[in-house]
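Enquirer: give me the fold of what follows.
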Amino acid sequence: MILPALGAPSRFYERFARRLSAAGLTCVTLDLRGQGDSGPIPGPGHTNGYKEIVELDFPSIISETAHLYPGREIWLVGHSLGGQLGLVFAGLHPAGVAGVVLIATGSAWYRGFRGIRRIRNLLGSQLIALISKCVGYWPGARLGFGGRQSKTLMLDWADQVRTGIYRARRSSTDYETAMKNVRVEVHFVEVEGDMLAPPGCVNHLSGKLPNATITRWRYAQQASATALNHFSWARESPGLAEDVAAVILRTEDQVATMQRPRCD
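Expert: Numbering: from 1, shown residues only. All right, here's what the predicted structure looks like:
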């Protein structure tokens, strides 16, 4: 199950999903609430945030998927925000998730970045929170970041950027404790050229998973691919889907020949 990034519709991952399917997996894509084909369109008065995604939408979608494909293991393949929230879900529902693969995913905490980007991300995130409060929603499609999103979602996100702590408004669930309860395999795929999930952000997120079995490996530029970044891997990623499938299917001979270096 592919969990998308902030502002990325499910169709953005269609090429990658087809490659996963060709490699032997049954692949399910979804839209986060208010993104892609999922409504309602965020606007003033909409209060959807982390709580609705993690505590309502993910359980419903995964329950339906388990019903459609009985007896199958369910792995979460998360990208950026989708991956972060997928970890919380995996901690809250350990019996429902067999493992997690995170691609271009790290904590959004500003201290995970270096240099001027650290200060820019902190100030930028708080400005986004302020605009969202004033307008009633985040007009990201106009302002060039994250697409149109609900105010609550962006306030939840901006809080995590500032504090490093995952929590949701109007929720009594402890998201940090949930992450500590993740006990499955978690594979971090760090993408070369990714400025939004650098090693420091991956370090911070992986540090929240003391009971998970963690593997980190790097997907590097291939000769036939365009320049890699936080998003381009989803459409130009020769070999990546096959490597992910090999991990999920536990095809050891394939894992042994993976060209991307892997390290524990």
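Enquirer: which residues touch the closest residue to residue 98 other than its chain neighbours?
Expert: Leaving aside its sequence neighbours, residue 98 sits nearest to residue 73 (C-beta to C-beta, 6 or more residues apart in numbering; 3.7 Å). Yep, even glycine has a C-beta here, placed from its N, CA and C like the rest. By C-beta atoms under 8 Å, 6 or more residues apart in numbering, the residues touching residue 73 are 98-99, 248.
Enquirer: sec struct for residue 73, please.
Expert: coil (DSSP: H, G, I helix; E, B strand; the rest coil).
Enquirer: ok so, going back, restricted to helices, list the contacts of residue 73.
Expert: residue 248 (DSSP state H).
Enquirer: neighbour count for the contacts of residue 73 - can I get that in JSON lines?
Expert: Listed next are the contacts of residue 73 as JSON lines, based on neighbours: other C-beta atoms under 10 Å:
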{"residue": "98", "neighbour count": "14"}
{"residue": "99", "neighbour count": "19"}
{"residue": "248", "neighbour count": "20"}
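Enquirer: next, give phi and psi for residue 7.
Expert: phi 80, psi 0 (degrees, to the nearest 10).
Enquirer: do the same with the one 5 residues further on
Expert: In this entry, residue 12 is assigned phi and psi values of phi -60, psi -30 (degrees, to the nearest 10).
Enquirer: pretty sure it sits against residue 2.
Expert: No: using C-beta atoms under 8 Å, residue 12 makes no contact with residue 2, being 9.5 Å away.
Enquirer: quick one, which of those two is more surrounded?
Expert: Set residue 12 next to residue 2 and count neighbours by other C-beta atoms under 10 Å: residue 2 wins out with 26 against 21.
Enquirer: what bridges to the more buried one?
Expert: residue 29, residue 77 (DSSP bridges).
Enquirer: my guess is it meets residue 31, correct?
Expert: No: counting by C-beta under 8 Å, residue 2 sits too far from residue 31 to count as a contact (10.5 Å).
Enquirer: give me the common contacts of these two.
Expert: residue 10.
Enquirer: how far away is the spatially most central residue of the chain from residue 43?
Expert: In the chain, the C-alpha nearest the mean C-alpha coordinate belongs to residue 83, at 2.3 Å (C-alpha atoms, centre = their mean). Distance of residue 83 to residue 43, given as C-beta to C-beta, to the nearest Å: 27 Å.
Enquirer: likewise residue 139?
Expert: 10 Å.
Enquirer: and residue 123, by the same measure?
Expert: 26 Å.
Enquirer: more neighbours: the two, which one.
Expert: Legend: neighbour count by other C-beta under 10 Å for residue 123 and residue 43, higher for residue 43 (14 against 11).
Enquirer: give me every residue that touches the residue lying closest to the more buried one once chain neighbours are set aside.
Expert: Computed as C-beta to C-beta, 6+ apart, the closest residue to residue 43 that is not its neighbour in sequence is residue 137, at 5.2 Å. Contact partners of residue 137, counting by C-beta under 8 Å, 6+ apart, are 42-44, 46, 148-151.
Enquirer: residue 90 now?
Expert: So residue 90 contacts 76, 96-97, 100, 182, 184 (C-beta under 8 Å, 6+ apart).
Enquirer: tell me the one of these nearest residue 56?
Expert: Nearest to residue 56, judged by C-beta to C-beta, of the contacts of residue 90 is residue 96 at 14.4 Å.
Enquirer: the closest residue in space to the closest one that isn't next to it in sequence - how many residues pack around it?
Expert: Of all residues beyond its chain neighbours, the one nearest residue 96 is residue 62 (5.6 Å), with distances taken as C-beta to C-beta, 6+ apart. Using other C-beta under 10 Å, residue 62 has 20 neighbouring residues.
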